[in-house]
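A.B. asks: Sequence first, then the predicted structure:
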Amino acid sequence: MTIRYGFLSTHPPTRCGLATFNSALAAQLGEDGVADNVVRVTAIGDDLRPAPGVAHTWVATTPGGWRASAEVLNTFDIAVVQHEYGIYPGVDGGEVLSVLRRLTVPSLVVLHTVLTQPTARQKSLLEQIVAVAGAVVTITKAARDRLLLGYAVDAAKVTVIPHGASDYAGAPISRHSEPHLLTWGLLGPGKGIEWALRAVARLQKLKSPPVYTVAGRTHPKVVELHGEAYRASLHRLGATLGIAHRVRYESAYLDDAALGALIRSADVIVLPYDSTEQVTSGVLVEAVAARIPVVATAFPHAVELLTDGPGLLVPHKNPAALATAVRSILTKPALAAALRERSGHAEPALRWPVVARRYHELATTLVTADSRATLVTADSRPAFVTADSRPALVTADSRPVGVAGR
């Protein structure tokens with residue numbers, strides 16, 4: 001079934017995980033010839049120049065911008081909406097609900113964050129979003145369980161579809177002369193790089209100590225509020241620990257080819273995140289799909305993918321445990337090989353074409369059901385009549401009911 005998809009999300013040239021996700025999904029589902037199908041949501045400071053694929057830009061500072069956004073989405077067969085608090089205008093991004101309520105086409109909402117301890121407003125907002133949406137997707141089982149246990153929502157509306165991954169597993173391998181640790185993604189407090197630096201310092205007595213690459217720009221919102229203070233603090237910490245020469249910072253934005261080559265050059269992907277709430281990590285999925293061993297703190301998405309999977313879990317904010325796990329992988333070739341092999345069972349299901357197919361199947365169900373409902377409504381007799389018509393229903397005393405115009 002051919003479906004014309006409309007998307008609501010942040011989108012390139014904005015550089016964030018949500019924009020990257022939406023761009024990849026839109027590319028996979030946009031093979032029906034629809035050139036411009038994205039309603040791009042922007043924040044203060046974003047580049048507002050038109051980008052390929054963007055049909056309309058919702059500028060955060062435009063009052064009532066949700067109205068025009070909804071009208072554009074209504075020109076498609078279905079609206080795919082990426083949701084995360086703070087992306088949309090309004091308190092907790094509440095104006096996305098106004099868009100959903102104004103839609104005349106089915107909606108499919110992807111939840112990238114499900115909080116265990118939301119504020120009353122955040123909880124109410126998410127419950128209303130699920131109620132209005134035609135279907136809701138969570139990216140992990142952990143997020144689905146959290147949603148069903150902590151929120152008043154219809155479980156029948158919720159489907160789990162994993163985060164998609166690029167095909168980096170086939171990229172050429174370019175090994176470093178020394179063991180290579182890698183963390184990539186937008187930088188900011190909570191990324192946990194300071195714990196990884198302390199772990200690297202503990203590994204310098206190895207026969208072949210590792211180098212550590214931290215790739216990615218500082219998150220735009222962090223720059224807006226605090227400038228490069230976090231990045232500067234990492235440089236100072238590296239110098240204090242005596243490992244500044246073992247750490248490489250790559251702040252340039254990497255295209256797919258460059259990122260693929262960087263990932264394939266790593267011996268271990270390190271995800272030392274502070275968050276215990278994170279139910280979605282695109283970096284984690286890309287690492288698993290590329291068959292690179294992972295050492296991660298026990299955030300929910302990592303627990304789901306790495307338990308008996310292609311990596312090792314460590315406690316949060318614990319550089320000693322982090323160093324022990326990395327050391328095990330670097331010094332035990334059999335363990336590293338076993339971890340790479342474990343990712344094989346998950347790899348096919350994480351590829352973007354497979355993930356997009358599942359979205360298309362869900363969208364087809366929604367669009368088909370909407371078409372049937374429209375057909376039934378069009379073929380049915382009106383439930384009420386006008387003032388000059390005969391009453392369709394009378395009460396026991398023969399008084400007409402349901403008559404309009406009186």
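C.D. replies: Perfect, thanks for sending it. All values reported here derive from a predicted model rather than from experimental measurement.
A.B. asks: For the stretch 101-250 of the chain, just list every one of the helices.
C.D. replies: Using DSSP state H, counting those that start in this stretch, the helices of the stretch 101-250 of the chain run over 120-132, 141-150, 193-202, 220-226, 229-241.
A.B. asks: ranking those by burial, who's on top?
C.D. replies: Among those, the stretch with the highest mean neighbour count (mean count of other CB atoms under 10 Å) is helix 193-202, at a mean of 22. Heads up, the C-betas are built off the backbone N, CA and C, glycines and all.
A.B. asks: now the angle from that one to helix 229-241?
C.D. replies: Helix 193-202 runs at 20 degrees relative to helix 229-241, counting by axes from the mean of the first three to the mean of the last three CA atoms, to 10 degrees.
A.B. asks: Packing partners of helix 193-202?
C.D. replies: Applying 3 or more CB pairs under 8 Å, 6 or more residues apart in numbering; DSSP states H and E, one finds that helix 193-202 makes contact with strand 180-184, strand 211-215, helix 229-241, helix 319-331.
A.B. asks: among those, which is nearest R357?
C.D. replies: With CB to CB as the measure, strand 180-184 is the member of the helices and strands packed on helix 193-202 nearest R357 (27.3 Å).
A.B. asks: What strands line up against that closest one, and which way round?
C.D. replies: Here strand 180-184 has these sheet partners by DSSP bridges: strand 211-215 (parallel), strand 268-271 (parallel).
A.B. asks: List the contacts of G164.
C.D. replies: By CB atoms under 8 Å, 6 or more residues apart in numbering, the contact set of G164 is F21, A24, L25, Q28, V285, L350, R351, W352, V354, V355, A356.
A.B. asks: change it to 6 Å
C.D. replies: A24, W352, V355 (CB atoms under 6 Å, 6 or more residues apart in numbering).
A.B. asks: May I ask which of those residues has the most neighbours?
C.D. replies: Using other CB atoms under 10 Å as the neighbour test, the contacts of G164 are led by V355, with 21 neighbours.
A.B. asks: any idea of the pLDDT on the nearest residue to it once chain neighbours are set aside?
C.D. replies: Nearest residue to V355, sequence neighbours excluded (CB to CB, 6 or more residues apart in numbering): G164, at 3.9 Å. Looking at G164, its pLDDT reads 94.
A.B. asks: And A258, by the same measure?
C.D. replies: Note on A258: pLDDT of 88.
A.B. asks: Just the element for it, please.
C.D. replies: Using DSSP states H and E, A258 sits in helix 256-264.
A.B. asks: Can you give me the buried ones in that helix?
C.D. replies: Across helix 256-264, burial judged by 16 or more other CB atoms under 10 Å covers L259, G260, L262, I263, R264.
A.B. asks: what's the first one in contact with, if anything?
C.D. replies: Neighbouring residues of L259 by CB under 6 Å, 6+ apart: there are none.
A.B. asks: Same check on A338?
C.D. replies: By CB under 6 Å, 6+ apart, the contact set of A338 is empty.
A.B. asks: how close does P353 sit to D274?
C.D. replies: According to CB to CB, to the nearest Å, P353 stands 34 Å off from D274.
A.B. asks: Pick out whichever of those two has more residues nearby.
C.D. replies: Neighbours were counted for P353 and for D274 using other CB under 10 Å; D274 has more, 16 against 10.
A.B. asks: could you point out which element follows the helix-or-strand element of the chain with minimal mean pLDDT?
C.D. replies: Least confident helix or strand of the chain, by mean pLDDT, DSSP states H and E, is helix 347-350 with a mean of 82. Note on helix 347-350: by DSSP H and E, the next helix or strand toward the C-terminus is helix 352-379.
A.B. asks: tell me which residues in that following helix are buried?
C.D. replies: Within helix 352-379, the residues that count as buried by 16+ other CB under 10 Å are 352, 354-356, 358-360, 362-363, 365-367, 370.
A.B. asks: Looking at the residues you listed, which gets the smallest pLDDT?
C.D. replies: D370 (83).
A.B. asks: Return the residues in contact with it.
C.D. replies: Applying CB under 6 Å, 6+ apart, we find D370 in contact with P106.
A.B. asks: any idea how far F76 is from it?
C.D. replies: Plainly put, D370 is 12 Å away from F76 if you go by CB to CB.
A.B. asks: For the stretch 301-406 of the chain, give me the ranges with low pLDDT.
C.D. replies: 344-346, 375-406 (pLDDT under 70).
A.B. asks: How far does stretch 276-289 sit from its chain's centre?
C.D. replies: Here the centre of stretch 276-289 is set off from its chain's centre by 9 Å, with CA atoms, centre = their mean, to the nearest Å.
A.B. asks: Ok, stretch 97-106 next?
C.D. replies: That offset, for stretch 97-106, works out to 21 Å (CA atoms, centre = their mean).
A.B. asks: which residues are in contact with the host helix or strand of E286?
C.D. replies: Taking DSSP H and E as the criterion, the element that holds E286 is helix 282-289. Contact with helix 282-289 is made by 17, 163, 165, 185, 269, 294, 301-302, 305, 310, 343, 346-347, 350, as judged by CB under 6 Å, 6+ apart.
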